[in-house]
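**Q** Sequence unavailable; structure follows:
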């Protein structure tokens, strides 16, 4: 059974840090691009970061560059999103998604993931 289980998240003060995790099972993890998205009330879901399976290149939404870091642990079949210097606007539900790829770079604006995580809430509040 293919599963993507998220962990991390929580309530953090502005300027704080969090690490979100995404653990995959039942899938050939190494062949999938990893994307992280966030959904905030009143806004469309947006892609915040991605990592290419083929060349490990990464991409970030402009507003999160230099604060978010995407990574993966291939043997452990896990993906991570390190979030530093959290801001109020980072509040939202964060989702990871895996996209089967056959090469090339990843893309932030993707819709039909092969598998989705269940989402995790990040709340930035003082």
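**A** Sure, I can see it. Treat the numbers as computed from the prediction; the structure is a model and nothing was measured.
**Q** Can you tell me the centre-most residue of this protein?
**A** residue 36 (2.4 Å; Cα atoms, centre = their mean).
**Q** Shouldn't that residue be within a strand?
**A** Yes - according to DSSP: H, G, I helix; E, B strand; the rest coil, residue 36 belongs to a strand.
**Q** Contacts only, for it.
**A** Contact analysis of residue 36 by Cβ atoms under 8 Å, 6 or more residues apart in numbering lists 20, 22, 47-50, 68, 70, 79, 81, 94-97. Where you see a C-beta, it was placed from the backbone N, CA and C, and this is true even at glycine.
**Q** cool, and residue 57?
**A** Residue 57 touches 51, 105, 106, counting by Cβ under 8 Å, 6+ apart.
**Q** hmm, back to that, gap between the residue nearest to the centre of the chain and residue 126?
**A** 24 Å (Cβ to Cβ, to the nearest Å).
**Q** In strands only, show me the contacts of residue 57.
**A** Using DSSP state E, the members of these that fall in strands are residue 51.
**Q** got the contacts of residue 57 as a markdown table, with neighbour count columns?
**A** Formatted as a markdown table, the contacts of residue 57 follow (neighbours: other Cβ atoms under 10 Å):
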| residue | neighbour count |
| --- | --- |
| 51 | 22 |
| 105 | 14 |
| 106 | 24 |
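**Q** Sounds good, over and out.
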